[in-house]
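1. sequence plus the predicted model coming up.
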Amino acid sequence: MTSDTSTERLQPEMKLPVSVVPMQQATERVILTMGGKGGVGKTSFMLALAEWFATQKVEAKLLDLDSENKTRGSLSHYFNRGAIKVNIHTAAGLDSFVDYIEGGTSILLADMGASSGQVTYGWFDSMFEDVQALGVSFTAIGIVTPDPASVESVLSWAAHLQDRVEYIIVENAIAYPADFTYWRKSEQAHRFRQAFNPVVLTMEFRLPELENAARQHGITLSEIAERKHGIHELQRASLVLRAQSYRRRLFEEIEKAKHLLLP
């Protein structure tokens, strides 16, 4: 994606045709990560989101669409049978969204893979209006890090999705200290914020000794915080307290976007 192309497409006046069903009338919601740049923390945030929904007593169906992350680090790795693996690189593409909604699911959490962009854009172009007519709204979650490439990835997805989705941007501090200058100061990111008014959340830096061990063993923050696992290295009191702190503050952030997460 070139800078000129993304800037052009993100002009606020460039809107899609009027939607069939206004978003405020929606009764189901699909929440998807904007794929593209890998390793930015998309799955980590979706894990927290799934656990947040559990605290709200809201059932959410988890879809693991990351075809390039088959073992460690995927939703399926953390939730085992609780997350459904879906191959979107077929003729039906993302039609599984419709099937699960029709089956009675009101909230879908879809963790997209790094190679899912073109499939997603094409599906929205051909299916969006008909799916929205069913009462489905969409929230796209973009994860930005100090790496400018993560920002460019989010802008590329937004240039294609436009106002067919509502946006949540998560500033993920994968380094300490974290410098988000490109996301906060670049002209392209500024135009995106003006055009689509995303809710911006923060996800703080996590100690590598906690984060890496949790990913290796497929253990969630809540399982560490509540000692609901058998991994000795994650039973240390200091790491348990860290997990409790990370979870509490991340849940407080998620609450800020509650209106974009519930139907």
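-> Arrived safely, thanks for sending.
2. for stretch 29-46, measure first residue to last.
-> Length of stretch 29-46, first residue to last, C-alpha to C-alpha, to the nearest Å: 15 Å.
3. ugh, wrong one, I meant stretch 175-195
-> End-to-end span of stretch 175-195 (C-alpha to C-alpha): 29 Å.
4. if I look at Met112, how far off is His77?
-> Note on Met112: its distance to His77, by C-beta to C-beta, to the nearest Å, is 16 Å. C-betas here are computed from N, CA, C, even on glycine.
5. of the two, who's got more company?
-> Legend: neighbour count by other C-beta atoms under 10 Å for Met112 and His77, higher for Met112 (26 against 19).
6. contacting residues around that one?
-> 32-35, 42, 65-66, 120 (C-beta atoms under 8 Å, 6 or more residues apart in numbering).
7. what subset of those is buried?
-> The neighbour count (16 or more other C-beta atoms under 10 Å) marks 32-35, 42, 65-66, 120 as buried among the contacts of Met112.
8. minimum pLDDT in those residues, which residue is that?
-> Within the buried ones among the contacts of Met112, pLDDT reaches its minimum at Asp66, with 73.
9. for the closest residue to that residue other than its chain neighbours, what are phi and psi?
-> Distances taken as C-beta to C-beta, 6 or more residues apart in numbering put Gly113 closest to Asp66, at 3.8 Å, once the chain neighbours are dropped. Main-chain torsions, Gly113, degrees, to the nearest 10: phi -90, psi 170.
10. which members of the buried ones among the contacts of Met112 are positioned in strands?
-> Assigned to strands by DSSP state E, the following of these qualify: 32-33, 65.
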